[in-house]
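Enquirer: Could you look at this predicted model? Sequence included:
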2 protein chains.
Amino acid sequence: MHLELRHLRSIRAIHEAGGLARAAEMMNMTQSALSHQIKGLEDQAGVELFARRSKPLRLSAAGQRLLRLALKVLPEIDALGAEFRALREGKAGRLHIAMECHACFEWLMPCLEHFRGAWPQVDVDIRARLAFEALPALVREEVDLVISSDPEDLPGVLFQPLFDYAPVFICSPRNPLAQKPYVVAEDFADQTLLTYPVERTRLDAFTELLTPARVEPLAIRQVELTAIMLMLVASNRGVAVLPDWVVRSVRGQPDFVTRPVTENGATRRLYAAIREEDATQPWMAHFLRLARTEPVKLQRA
Amino acid sequence: MHLELRHLRSIRAIHEAGGLARAAEMMNMTQSALSHQIKGLEDQAGVELFARRSKPLRLSAAGQRLLRLALKVLPEIDALGAEFRALREGKAGRLHIAMECHACFEWLMPCLEHFRGAWPQVDVDIRARLAFEALPALVREEVDLVISSDPEDLPGVLFQPLFDYAPVFICSPRNPLAQKPYVVAEDFADQTLLTYPVERTRLDAFTELLTPARVEPLAIRQVELTAIMLMLVASNRGVAVLPDWVVRSVRGQPDFVTRPVTENGATRRLYAAIREEDATQPWMAHFLRLARTEPVKLQRA
DNA sequence: TCCGAACGTGAGACAAATTCATAATATTCA
DNA sequence: TGAATATTATGAATTTGTCTCACGTTCGGA
């Protein structure tokens, strides 16, 4: 069968108008055209769609079945049309975020909460554990924004700076390192390091300290969730290096001691990688603004 | 927007084939045609549907949205196609029944139970209380079969005889009429007559007895359900005239007395009114066969 | 940097949908 | 019932849209 949406629209119009001539007018075509179209459709389907004996053309049983489909399908098509129109005008869009930085969940969620209120037509999502590399996925339009702290020079991709943060060492007060004013790479040699289950190049502990100094911690334990990681730190089952916005949340709790990484502390910068074409979208600008202000509130909390 | 199913099919094919050329082959058209089509669609929608920078043509965010719609809509279209095909081959169909005869529910239900097992592709339904006249509705293809005991000469409509039944008088043993060997019209003059809430021309008590004799019962009480009517009879709140297949079900119960209507009893014939065109449908023949045999079982029960 | 594979473009061929004019058929009302 | 009216069907011409063919372009990998 060679059914097309045009046919569904016609069926609906004929039913609504209660006749072929009125329906044709409704659709800006001649009555003849509609008659031909219906005839063609009936030939194709091999089914009588209308009760031909009566004059103000009524749907047959099969026609009613077709009408039911039309009433189900056409609104969805129209909805998509409206969505595309909104897309053109920059009102709708998609914001699927890939995080290279595991702990970013903490500030991303509040951001997205705000964002959803302001841009309900934008489809938001976060993917924490990508099955693939995030930046190629960005180029392939599988995601629309990548949170990363390692800008690369990729054609068509912009790295928008978000905010600076400090990787901070955190351990139990019972840990010997709690006595030191700051930690250095060598301090980890006899420690269990708690990390997120991602490659070393994305972990501040390695990129800032261990890898340059060629120091290997005594053991590494991978933990999915920040809350669990903090629990393990509190019970002195390991130490961790976490962004400042995370450690601020436990400031003042007696179970934790925080120390700078190296004498002067380290500073890293987070970026939002987006496709060039999306940079001009108003909602993207809004999200980036949120992503620059929200985390700072957490850092100061 | 001028979206057509053709476009949805193309989107799906391109996604499945993972490329324009392979998709074109899949759809029996040239790669060029598909390219033109997609271009036209993008112009219409005003949205980029594909990520053009990469070579094996991948869907953009908007394209993925369109694909989602395609995957939802196309299977429904195909399902309808299959349904129509079955319709052409007489395997599928619709059997919406209108009952002019209220008590017919009793034997119709078992019939339909059997029928549904044998013809699962036929959409069955019963409408007990039509908002309109049943026979015009049959002609208008709003229903497909009318149970009636008054055949009319209508063009395009066939009245197939089903079976004969006897309207039977039923009352409580406490009712004085229980003493008579049979009842006549005049006996109702001081009785409360229980009837279904339909016009008199469709009630055997009137057509067979009261109307010809110009007798009016003392009172008429309309009752929807046969079971309730029987309860009222049992408690001597009224008398009724019901088809034999109904009164058989209470035979032998001490609360009821049944008597013939007039000295020799009355006999009526039930018909199934159908449209001529449906007469040749195999499932219609099967249903009529059932409608001739099932009720007889009830009458003999 | 070259080659091959995959996609885009334009003109003409072709098919399909539409229109115009008119015929055929229901419905209505006197 | 039959004329008047309203509604749908039909056929040929025309317009519109879609497809093909041939070639150009772009991209990705060796």
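Expert: Cool, got the structure.
Enquirer: Quick check, the residue in the stretch 101-250 of chain A closest to DNA strand C?
Expert: A:Arg140 (13.8 Å; C-beta to the nearest atom of the strand). Any C-beta I mention is one placed from the backbone N, CA and C, and that applies to glycine too.
Enquirer: contacting residues around that residue?
Expert: With contact set as C-beta atoms under 8 Å, 6 or more residues apart in numbering or on different chains, A:Arg140 has these partners: B:Ala51, B:Ser54, B:Arg58.
Enquirer: Run through these and flag the ones next to DNA strand D.
Expert: The subset of the contacts of A:Arg140 within reach of DNA strand D, by C-beta under 7 Å from any atom of the strand, is B:Ser54.
Enquirer: Compare the contacts of A:Arg140 and tell me which has the most neighbours.
Expert: Neighbour tally across these (other C-beta atoms under 10 Å in any protein chain shown): the maximum, 20 neighbours, falls on B:Arg58.
Enquirer: I'd like the domain boundaries of chain A, if you could list them.
Expert: Taking automatic domain parsing as the reference, chain A has its domains at A:5-88, A:94-160+A:276-288, A:167-260.
Enquirer: Now tell me which of those domains the model trusts least on average.
Expert: With a mean of 86, domain A:94-160+A:276-288 has the lowest mean pLDDT of the domains of chain A.
Enquirer: Please state the offset of it from the chain centre?
Expert: With C-alpha atoms, centre = their mean, to the nearest Å as the basis, domain A:94-160+A:276-288 stands 6 Å off its chain's centre.
Enquirer: hang on, the earlier thing: select, out of the domains of chain A, the one closest to B:Glu100.
Expert: Ranking those by their distance to B:Glu100 (criterion: C-beta to C-beta) puts domain A:5-88 first, at 20.3 Å.
Enquirer: do you know how far the nearest residue to A:Leu108 once chain neighbours are set aside is from DNA strand D?
Expert: Ranked by C-beta to C-beta, 6 or more residues apart in numbering or on different chains and with sequence neighbours excluded, the top spatial neighbour of A:Leu108 is A:Ile126, at 6.3 Å. Look at A:Ile126 and DNA strand D: by C-beta to the nearest atom of the strand, to the nearest Å, they are 27 Å apart.
Enquirer: Parallel or antiparallel, which strands does the helix or strand harbouring A:Ile126 pair with?
Expert: In the assignment (DSSP states H and E), A:Ile126 maps to strand A:122-127. If you go by DSSP bridges, strand A:122-127 pairs up with strand A:93-99 (parallel).
Enquirer: contacting residues for the most far-flung residue of chain A relative to its centre?
Expert: Relative to the centre of chain A, and counting by C-alpha atoms, centre = their mean, the farthest-placed residue is A:Arg53 at 56.9 Å. Residues in contact with A:Arg53 (C-beta under 8 Å, 6+ apart) are B:Val139, B:Gly156.
Enquirer: Do I have it right that A:Ala178 meets A:Phe256?
Expert: No. A:Ala178 is not in contact with A:Phe256 according to C-beta atoms under 8 Å; the separation is 9.4 Å.
Enquirer: So for these two, which residues contact both of them?
Expert: Counting by C-beta under 8 Å, 6+ apart, the contacts common to A:Ala178 and A:Phe256 are A:Cys171, A:Ser172.
Enquirer: mind listing what A:Ala82 touches?
Expert: Contacts of A:Ala82 by C-beta under 8 Å, 6+ apart: none found.
Enquirer: My reading is that it lies in a strand. Confirm?
Expert: No. With DSSP: H, G, I helix; E, B strand; the rest coil as the criterion, A:Ala82 is helix rather than part of a strand.
Enquirer: how close does it sit to DNA strand C?
Expert: 23 Å.
Enquirer: circling back: identify the residues contacting the residue nearest to A:Leu108.
Expert: A:Ile126 sits next to A:His96, A:Ile97, A:Met99, A:Phe105, A:Leu108, A:Leu112 when contact means C-beta under 8 Å, 6+ apart.
Enquirer: Quick one: neighbours of the first one, just the number.
Expert: Residues within reach of A:His96, counting by other C-beta under 10 Å, total 18.
Enquirer: Over to the fifth one?
Expert: The local packing of A:Leu108 (other C-beta under 10 Å) involves 21 other residues.
Enquirer: which residues does it contact?
Expert: Taking C-beta under 8 Å, 6+ apart, we find A:Leu108 in contact with A:Ile97, A:Met99, A:Ile126, A:Ile147, A:Ala291.
Enquirer: Helix, strand, or coil at A:Ala86?
Expert: helix.
Enquirer: Tell me if I'm right that it and A:Leu80 touch.
Expert: No. Between A:Ala86 and A:Leu80 there is no contact, the gap being 10.6 Å when judged by C-beta under 8 Å.
Enquirer: These two: which has the busier surroundings?
Expert: Comparing A:Ala86 with A:Leu80 by other C-beta under 10 Å, the one with more neighbours is A:Leu80, at 19 against 14.
Enquirer: Heading C-terminal from the strand or helix carrying A:Ile170, find the next helix or strand.
Expert: Element membership of A:Ile170, judged by DSSP H and E, is strand A:167-171. Using DSSP H and E, the next helix or strand after strand A:167-171 towards the C-terminus is strand A:192-195.
Enquirer: quick check, stretch A:67-83 touching DNA strand D?
Expert: No. Stretch A:67-83 stays out of contact with DNA strand D when judged by C-beta under 7 Å from any atom of the strand, the minimum separation being 15.0 Å.
Enquirer: For that stretch, list every residue counted as buried.
Expert: A:Leu67, A:Leu69, A:Ala70, A:Val73, A:Leu74, A:Ile77, A:Leu80, A:Glu83 (16 or more other C-beta atoms under 10 Å in any protein chain shown).
Enquirer: Residue numbers of chain A in contact with DNA strand C?
Expert: Within chain A, the positions near DNA strand C by C-beta under 7 Å from any atom of the strand are A:4, A:6, A:28-30, A:32-33, A:36-37, A:40, A:53-56.
Enquirer: hmm, 6 Å instead?
Expert: A:Met29, A:Thr30, A:Ser32, A:Ala33, A:His36, A:Gln37, A:Gly40, A:Arg53, A:Ser54, A:Lys55 (C-beta under 6 Å from any atom of the strand).
Enquirer: ok, now how distant is the first one from chain B?
Expert: Just to be clear, that refers to A:Met29. To chain B, A:Met29 is 14 Å away according to C-beta to the nearest C-beta, to the nearest Å.
Enquirer: So that residue, which state does it fall into?
Expert: coil.
Enquirer: got the contact list for the residue of the stretch 151-300 of chain A found nearest chain B?
Expert: As assessed by C-beta to the nearest C-beta, chain B sits closest to A:Gly156 within the stretch 151-300 of chain A, at 6.6 Å. Taking C-beta under 8 Å, 6+ apart as the criterion, A:Gly156 is in contact with A:Val139, A:Arg275, A:Glu276, A:Glu277, B:Arg53.
Enquirer: Mind doing that once more with 7 Å?
Expert: A:Val139, A:Arg275, A:Glu276, B:Arg53 (C-beta atoms under 7 Å, 6 or more residues apart in numbering or on different chains).
Enquirer: ditto for A:His96
Expert: By C-beta under 7 Å, 6+ apart, the neighbours of A:His96 are A:Asp125, A:Arg127, A:Val143, A:Asp144.
Enquirer: A:Leu69 contacts B:Pro75, doesn't it?
Expert: No. Checked against C-beta atoms under 7 Å, the pair A:Leu69 and B:Pro75 is beyond contact range at 11.5 Å.
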